[in-house]
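Chemist: Give the three-dimensional model of this entry:
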Amino acid sequence: MTNRTLKLDDDLYRYLLEVSLRETPLLKRLRDETAQLANAQWQIAPEQGQFMALLVRLSGARRIIEVGTFTGYSALCMAQAMPADGRLICCDIPGDYNATAERYWREAGLAGCIEQRLAPALETLAALEAAGQAGSFDLIFIDADKANYPAYFEHALGLVRQGGLILFDNTLWSGRVLEQHPDSVDTRAIQALNRALKDDARIDLSLLPLGDGLTLCRKR
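Modeler: As a prediction, this is how the structure comes out:
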């Protein structure tokens, strides 16, 4: 037994997936197709997608925003877990992968409840606030350009309801958060976000060693 988070080697990770992952054939096919892309590292881990779907079900989230959609795996995980009247807004920039996401959403029968907005996410989030939708979303998942994470957080805090969830991906950043003087703007942004969240009285907080680090914030 141990009183700290267990480090997973390859064998233990495979066991974790073997006894707990309930990935549908459609999700598996999307993940396999995404793995062939040059930027496949943008894909979240399947166990993380399953965990996020569980959060959607536990919270009863009906209105969700995703910042950074890529080929649509995480969006599909969350959309499948939403109630029948749920709606998901996906923010991303134009890319070849947009069509892949929409193709799989159609195949899953969920295209009608997912809206993809192709523009800089900060513009989309600001437009939602300007349209009077502040405080109306149940969950916001942020997995986009890391340099804007602090800015995304402030927009998300305005858009999510009290008691709603804000999730950040990559907050352990493959260990690069430990760098003392990082050259990377992305690394510095994640470091700044993590430190700021620790002392932010507006949220409840937990950083999980799931995937590349998943931070959960509950708006107080």
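Chemist: only C-alpha atoms for contact and neighbour calcs from this point on.
Modeler: Will do.
Chemist: Is the residue most central in space within the chain in a helix, a strand, or coil?
Modeler: Central residue of the chain (C-alpha atoms, centre = their mean): Phe141, 3.8 Å from the mean position. Classification of Phe141 by DSSP: H, G, I helix; E, B strand; the rest coil places it in strand.
Chemist: what pairs with it across the strands?
Modeler: On the basis of DSSP bridges, Phe141 is bridged to Glu66, Leu167.
Chemist: can you tell me which residues contact it?
Modeler: 64-67, 166-169 (C-alpha atoms under 8 Å, 6 or more residues apart in numbering).
Chemist: Please repeat the previous calculation with a cut-off of 6 Å.
Modeler: Contacts for Phe141 (C-alpha atoms under 6 Å, 6 or more residues apart in numbering) come out as 66, 166-167.
Chemist: Can you show me the helices along this structure?
Modeler: Secondary structure of the chain, counting by DSSP state H: helices at 10-20, 25-34, 46-59, 73-81, 97-107, 121-130, 149-159, 185-198.
Chemist: in the last one, what counts as buried?
Modeler: Translated: helix 185-198. 186-191, 193-194, 197 (16 or more other C-alpha atoms under 10 Å).
Chemist: do the same with the second one
Modeler: Of the residues in helix 25-34, those buried under the neighbour-count criterion (16+ other C-alpha under 10 Å) are 27, 30-31, 34.
Chemist: neighbouring contacts of it?
Modeler: Ala40.
Chemist: hmm, try it at 8 Å
Modeler: By C-alpha under 8 Å, 6+ apart, the list of residues contacting helix 25-34 reads 40, 43, 71, 73, 76-77, 104, 108.
Chemist: what is the mean pLDDT for that helix?
Modeler: Helix 25-34 shows a mean pLDDT of 98.
Chemist: chain center to it, what's the gap?
Modeler: 18 Å (C-alpha atoms, centre = their mean, to the nearest Å).
Chemist: what does the fifth one give?
Modeler: Taking the mean of its C-alpha atoms, helix 97-107 sits 17 Å from the chain's own mean (C-alpha atoms, centre = their mean).
Chemist: tell me the angle that helix makes with helix 25-34.
Modeler: Angle between the axes of helix 97-107 and helix 25-34 is 170 degrees (criterion: axes from the mean of the first three to the mean of the last three C-alpha atoms, to 10 degrees).
Chemist: 16 is where my numbering starts, stick with that
Modeler: Renumbered: residue one is now 16, and that last one reads helix 112-122.
Chemist: Which of the residues in helix 112-122 are classified as buried?
Modeler: 112-113, 115-117, 119-120.
Chemist: burial of Ala159, as a residue count?
Modeler: 22 (other C-alpha atoms under 10 Å).
Chemist: Reformat the buried residues of helix 200-213 as CSV; add pLDDT.
Modeler: Formatted as CSV, the buried residues of helix 200-213 follow (pLDDT from 0 to 100):
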residue, pLDDT
Asp201, 97
Thr202, 97
Arg203, 97
Ala204, 97
Ile205, 97
Gln206, 97
Leu208, 97
Asn209, 98
Leu212, 98
